[in-house]
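K.L.:
All I have is the shape, not the residue letters:
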């Protein structure tokens, strides 16, 4: 497990929203590859997608966690779909809605018939890996998905927090065989953008 830092990632020429879905849809079986984005509510998932795509508002971010409830498809360079899954773990969300979104996420990874080329698992580097993150990682592990952990908001860490938090994140993830990379990321400074794109478009 390595934290990568490389430069000169692929250039994003085009990025468009295609549609949102809540179940079966022919887009699932498009021959283009899919990259799934997943994370707890409020880890900055939309901001990560927008930073990678170099678009300010491709994925709509909101001050209200849990706003994304559909599975949203964005076509990048006419080659790959970025698939934005609903956020999970928002404590103030009504239990019935939270359960429905969790089932929607599990359906995509376990029952839809889709095998994304990569799963970009986004965490807040200040908080690290939570219990609900581990539950989701177990699902990805059991389904043999190829996971990249993106530790977002790294620009908000002090130097002492940086060393401590990253060490703990690596330690918490050491037993997951599905995790291929851990990348430090900042949607604000674009740190880690090239590293992630290099992996997604390799």
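P.N.:
Everything's here; your move. For clarity, every value in this text was computed on a predicted model and none was experimentally measured.

K.L.:
drop to CA atoms for contacts and neighbour counts, all remaining ones
P.N.:
Noted.

K.L.:
which regions of this structure lie under the pLDDT threshold?
P.N.:
Within the chain, the ranges that satisfy pLDDT under 70 run 1-9, 61-68, 91.

K.L.:
Can you give me the end-to-end span of stretch 79-97?
P.N.:
One end of stretch 79-97 to the other measures 33 Å (Cα to Cα, to the nearest Å).

K.L.:
Which stretches in this protein count as helices?
P.N.:
Here the chain has its helices, by DSSP state H, at 45-53, 95-110, 131-142, 159-173, 193-200.

K.L.:
Adding mean neighbour count, write these out as TSV.
P.N.:
Formatted as TSV, these follow (neighbours: other Cα atoms under 10 Å):
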stretch	mean neighbour count
helix 45-53	23
helix 95-110	16
helix 131-142	15
helix 159-173	14
helix 193-200	20
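
K.L.:
and the ones you listed as CSV, adding distance to residue 10?
P.N.:
Formatted as CSV, those follow (distance: least, Cα to Cα, whole Å):
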stretch, distance to residue 10
helix 45-53, 10
helix 95-110, 26
helix 131-142, 27
helix 159-173, 26
helix 193-200, 6
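
K.L.:
quick one: which of those helices is nearest residue 35?
P.N.:
Closest approach to residue 35 among the helices of the chain is made by helix 193-200 (7.5 Å; Cα to Cα).

K.L.:
ok, now which ones touch the closest residue in space to residue 13 that isn't next to it in sequence?
P.N.:
Distance criterion Cα to Cα, 6 or more residues apart in numbering; nearest residue to residue 13, sequence neighbours excluded, is residue 77 at 5.6 Å. Residue 77 is in contact with 12, 13, 14, 15, counting by Cα atoms under 8 Å, 6 or more residues apart in numbering.

K.L.:
Correct me if wrong: residue 17 contacts residue 57.
P.N.:
No. Residue 17 is not in contact with residue 57 according to Cα atoms under 8 Å; the separation is 10.3 Å.

K.L.:
in this structure, what residue sits furthest out from the centroid?
P.N.:
residue 160 (26.0 Å; Cα atoms, centre = their mean).
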